[in-house]
Structure formats: structure tokens, C-alpha cells
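Participant: Provided below for reference: sequence and predicted model.
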Amino acid sequence: MRGFCVQPRTSSFSVSRHSLPSSPYRSPASSFEEAEALILKWNGETSSYAKVTSLFHHDKTEATQYIKCVNHLHRLMHSLDSRQLVLAQNLMQMAMKRLQKEFYQILSINRAHLDPESVSVRSSRTSISTSDYDETDDGSPDREIREVGDSISEVELVSSIAMENLRSIAECMISCGYSKECASVYVSIRKSIIIEGLYRLNVDKLSSSKIHKMDWEALELKIKSWLEAVNVSVKTLFNGERILCDHVFGASQSIRASCFAEISSDGATCLFRLPELVAKSKKSPPEKIFRMLDMYAELSALWPEIESIFAFDSTSAIRSQGLTSLTQLSESVRTVFLEFESTIKKHSSRSSVSDGGVHPLTKQAMSYLSLLTDYDNTLSDMFAGWPSLPNLPLPSPPETSRDSSDSDNSSAHPSFSARIAWLILVLLCKLDGKAAYYKDGSLGYLFLANNLHHVIDRVRNSTLQTVLGYEWIVKHEEKMKWFVANYEKVAWGQVFSSLPENPKAALSPAEAKVMFENFNFNFEKAYRKQNSFVVADRTLRDEITGSIARKVVPVYREFYDAHRILGGSWREMREHVPFTPEDVASYVSNLFFARTIQ
């Protein structure tokens, strides 16, 4: 087709020109005869030259004059007699057939130059209206385009010329009552552009049954492909098609609306339906919520452009599909939150860790929540307007002195931050229940301190701090200190009480010996038990051991220095006083490392 349209004008074509003035196409058509001559010249059924040559590629000036002659003929038809009217109608049919062919050829030959990306770029670089043609000296529709040719690329230049030619043909055919024929050609070609574009972006039509049959790995690949494709599809593919359609059919709002709807509906509906299908799928691996959040974030970020591009009433179903997907994603994410809360509550309270360390449930829950808060803006949108949290009773052991205001505040503010605070509260209450099953009270408090410290640490070192606020951290740090204080009281209380209130008070050797033996017994007993427990976090470990050391070592050192000589010989003293102050300090500082007393 391109070959046919670029053939040079030569004398080998036998074209009757005797009835035409030597230069009839440089001024507006002024008579029926001039219109008749030009239309007959380009009648492909009677002229082999016209059959293989493109009017718009052959001579832009003549093409412009052809359009003017046809429009003039159409206006003249209202004042012709019956004989001329019949001839005019026949000429008009020839002209419309010619223009329809030209319209098809321009669309077909310039597929590469009229791709949505080129159209989008062209629309942002230059704006050309058909009213500008009439003011040009040579009557050519591409004069202004040539004037800006230095500032745009060759592809953009060809794209601009093609768009203007299409627009002039469309306006002529619409004004002459042949809008249906023009729109039919346009839709048949441009719809395939959308289909090809989506295919190249790996967007294909999927049903709920196909989604159901996919394993998660395959579905996740589809989601990732969609995330890459949706931005390009909206901003380039559909935006470019909308720009082109608006430009070509600028003369008729209804025609461009119907054409764009026919071109884009199938592809856009397919594109915007995948998030809904993913959200409804029964596959629920842990990472599914993050993929749904990705899809929601991408679709909601593009929503202003989607509303603008698909603003016609004829494309309302596309907007509706986009909203349905956003709603379904939001509902599915909310459901995941409820399921996550339920999972924590249903976790066996008897399930614990023997050494008092951080429970796997705590690690998993906080890791999950900290990752979720990377989507805090998206989740805030999703939870806006969600009903208030239920005021469900949660276990609260009296020894923790838990303030019920946590639950009340969360219930009063159904925001995303309140949801996160609520889930952490549910987790902490579950941990309280687990701690109650430890037979050793000190181990229960150490367990609570370890786990609450882990929770606070994950909050402090993630976006959770922004979500929950600094006051939340301060409040829960106070609770953790309370757990540590109670741990020391239960685990080391007898060691503390075995030290004299006044370490330098005068004592007999027998009294000193009894006090040393009492301290030795309680310290070794406490150390052996507590050193089998775990405090994995170095900061918390140093805090606990430092606190114990400050309560024990200085007092013991004073007592040791004041009364060690009362034990008799060095051998007798070592028998009754096995621990020096340095030994005590060393053992305490190395607690929770499973070091045994030699």
C-alpha cells in the first residue's frame, strides 16, 4: 500500500485534464463544474491513476482543495435543480468512497507513526487546529507543521501531518452525513492497536476459573506483569488513543465518544478487572496482601487520569470496573486483617518458649505489621470509613496492671493507626496469657520483657513508629520496665535480701560466716536457674544485668572487704566465701549466656 501511495506523478498516467483550468486548485471552489472535475479525476473506478495513487500523499494542496470542493458541493445541493441534484448525489457518493479509502490508507500506512506514544508526545509538543489551514498562503494543511518541524522529530512530524489529514477527512464526511462509514473504518483499525498494545504488555483476558487454576507463583507473575503494564497502558496507550480520537473527531462529541468506547472498552475492562479477580481468588499466601496493596496503590494513583481519559458516558462501565476492583481489593485487605487478628487470638496459649525468649508468634506478627506499615498511606485510604473496632473483651492478668485505655482509644478511632495499635494489643494480651503458663514466675516476667522489648524495637525501627507515635513507645517502655522490675524481684529477691542493710556493721565471725553462706547459697541458686534463660537482645540484656549488678555488687563488695578477715585462714575463708566481688560482677555480667559456675 505504501508503494502505491508514493509513486511519482508522470505522464505515463492518462488523465483527462482538458476540462480543468490550468491552476484551479489554488483558490476556493467556485462552481459545480470545478467540483465535478476534481471528484471525477480522483474516481478510482474510472481512473487507473486514481486507483493506485493516494490523493493526500500525491499533492497536499490538491487534497485540501478536494475537501473544499466536496464541502462546497454539499452546500450547493440545497439550491440545485433535480437534474443537477441527481448528478451531485452521484458525485457525492464517489467523493465519500474516495475519502473513506483515503481515511483507511492514512490509518493503515501510518500505524507506526500514529502509535499512542507518538501521539502523546506530539500532543504535548505542538497543537494544530484545522482553522489554521485556511489562513495559509498555499492552502496546505501541513504548512504550520512544517514551520514547527525544526522543533519536533521526524516521527512526530509525520504523526502530526497524518492526524491533520484524518481530521479534515472526518470533518468532511461527518458534515456530509457519512459519519457512520468514517467511524467504522476508524474503529476497525484503532481497536487492533489497543489489542496489540496490551498483548505486548502481557495483559491478556483471564477468567475467575483460570485464576483459580493457577498456582500462586504463576499468579504472582501475572500480578507483577500487570503492575508494570497498567501505568504504561493508562498514561500512554489509552491516553494516546483518547488524544487521537478527540483530534480526529473533534467535530462531533457523540462520534468521538462512541468511537473511543468501542476501541477501548474490551481492553480497558480486561486490564482493570484483574485486581478484582486476584482479590476474589481463594489463594491466600502471606505475601498476597502485599501484592493486593501494590495493585490498589497503582490503580488509585492512576485514578484521576482514568477518570479523565474514560470520562464519556459511553465509557462509564470502564470506570465502574476500576471502582469495583478498588473496592474489592479494599474489602479483601480488610478481611486479611480480621483473619490475622483471629489467628493471633486462636494461637494456643500453652504454646511458649522454654527459655523465656521471644516467641515465634511475636516475631512473625511484628515482621508482618512492620512490612504492612510501608503501605501506610494506602491502608489509611482503605480503612477510612470502616466501622469502629468491636469492643471485644481481652485477657488482662492483674499483675500487668494493664490500662484498658488502649482498647478504648483504638475502638474510638477506626483509623489505620488504631487498627495497628489494636492488633499489637491483641498480640500483647495473647503473650500475657502465655506467660501465665510458666510455673516459674521469674521466667514469665522475663518472657514478657523479652517479647515486649522485641515489639517496641520493631516499632522504633520501622514505619510503625510514625503510625503509632512516640507516646505509644514511651508508654510501652514503662510497661517493659515494670516487667523487668518484677523479674528482678522474683528472680533475685532472696539474693538482695541476703545482703545486710549496713554492710559495714560490726559482726562476729560466726554471724559473718552465716551471712556469707546465706548469700553464697542464694546467689548460686539464682544464677544457675536464671542463666538457663535467654535474653537475646544485647541492649535489654545489658539493662537487666546492669540493674542486678548495681543492686548486688557494691553492697557485697563493702561487706566482703569489711568481714572477709573474720573467716580465719585463707583456706577457711575460701571455703565459706567462694565468691569475690569480682566473681559476682563477672557472673552477673555474663548472665543469659549459659555460663556455669565452676
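Facilitator: That came in fine, so what should we check first? Numbering: from 1, shown residues only.

Participant: Next, count neighbours for V552.
Facilitator: Neighbour count for V552, taken as other C-beta atoms under 10 Å: 23. Any C-beta I mention is one placed from the backbone N, CA and C, and that applies to glycine too.

Participant: now for the one helix or strand it maps to, which elements pack on it?
Facilitator: Element membership for V552, per DSSP states H and E: helix 538-563. In terms of contacts (3 or more C-beta pairs under 8 Å, 6 or more residues apart in numbering; DSSP states H and E), helix 538-563 is packed against helix 441-460, helix 470-497, helix 509-530, helix 581-589.

Participant: Now for the residue lying closest to G44 once chain neighbours are set aside, how many residues are close by?
Facilitator: Counting by C-beta to C-beta, 6 or more residues apart in numbering, G44 lies nearest to K51, which is 4.2 Å off, once chain neighbours are set aside. Residues near K51, counting by other C-beta under 10 Å, number 13.

Participant: do you know how far K51 is from C172?
Facilitator: Per C-beta to C-beta, to the nearest Å, K51 is found 21 Å from C172.

Participant: try V455
Facilitator: Look at V455 and C172: by C-beta to C-beta, they are 73 Å apart.

Participant: Equivalent analysis for D457, please.
Facilitator: Distance of D457 to C172, computed by C-beta to C-beta: 73 Å.

Participant: Of these two, give the one with the bigger neighbour count.
Facilitator: When D457 and C172 are compared for neighbours, C172 comes out ahead with 22 against 16, by other C-beta under 10 Å.

Participant: element containing that one?
Facilitator: In this assignment (DSSP H and E), C172 forms part of helix 154-175.

Participant: mind listing what's buried in that helix?
Facilitator: 156-174 (16 or more other C-beta atoms under 10 Å).

Participant: What of stretch 436-446?
Facilitator: Across stretch 436-446, burial judged by 16+ other C-beta under 10 Å covers 438, 441-446.

Participant: So V459 is in contact with V474, correct?
Facilitator: No - taking C-beta atoms under 8 Å as the definition, V459 is not a contact partner of V474, at 11.3 Å.

Participant: what about the two, which has more around it?
Facilitator: A direct count of neighbours by other C-beta under 10 Å for V459 and V474 places V459 higher, at 24 against 10.

Participant: mind checking how far that one is from N531?
Facilitator: Taken as C-beta to C-beta, the span from V459 to N531 is 30 Å.

Participant: same deal with K191?
Facilitator: Relative to N531, K191 is positioned 76 Å away (C-beta to C-beta).

Participant: Could you do E117 as well?
Facilitator: Distance, E117 to N531, by C-beta to C-beta: 69 Å.

Participant: quick one: low-confidence ranges for this protein?
Facilitator: For the chain, the stretches with pLDDT under 70 are 1-31, 50, 118, 120-153, 155, 387-414, 565-575, 593-598.

Participant: what does the domain assignment say about it?
Facilitator: Structurally, the chain divides into domains by automatic domain parsing as follows: 2-176, 190-339, 351-490, 498-589.

Participant: could you dump those domains to a markdown table with distance to C182?
Facilitator: What follows is those, written out as a markdown table (distance: least, C-beta to C-beta, whole Å):
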| stretch | distance to C182 |
| --- | --- |
| domain 2-176 | 4 |
| domain 190-339 | 8 |
| domain 351-490 | 43 |
| domain 498-589 | 74 |
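
Participant: now for these, which one comes closest to A183?
Facilitator: The stretch from these with the least distance to A183 (C-beta to C-beta) is domain 190-339; that distance is 5.3 Å.

Participant: end to end, how far does that closest one reach?
Facilitator: 46 Å (C-alpha to C-alpha, to the nearest Å).

Participant: For P578, give me its contacts.
Facilitator: Residues in contact with P578, defined by C-beta atoms under 8 Å, 6 or more residues apart in numbering, are N520.
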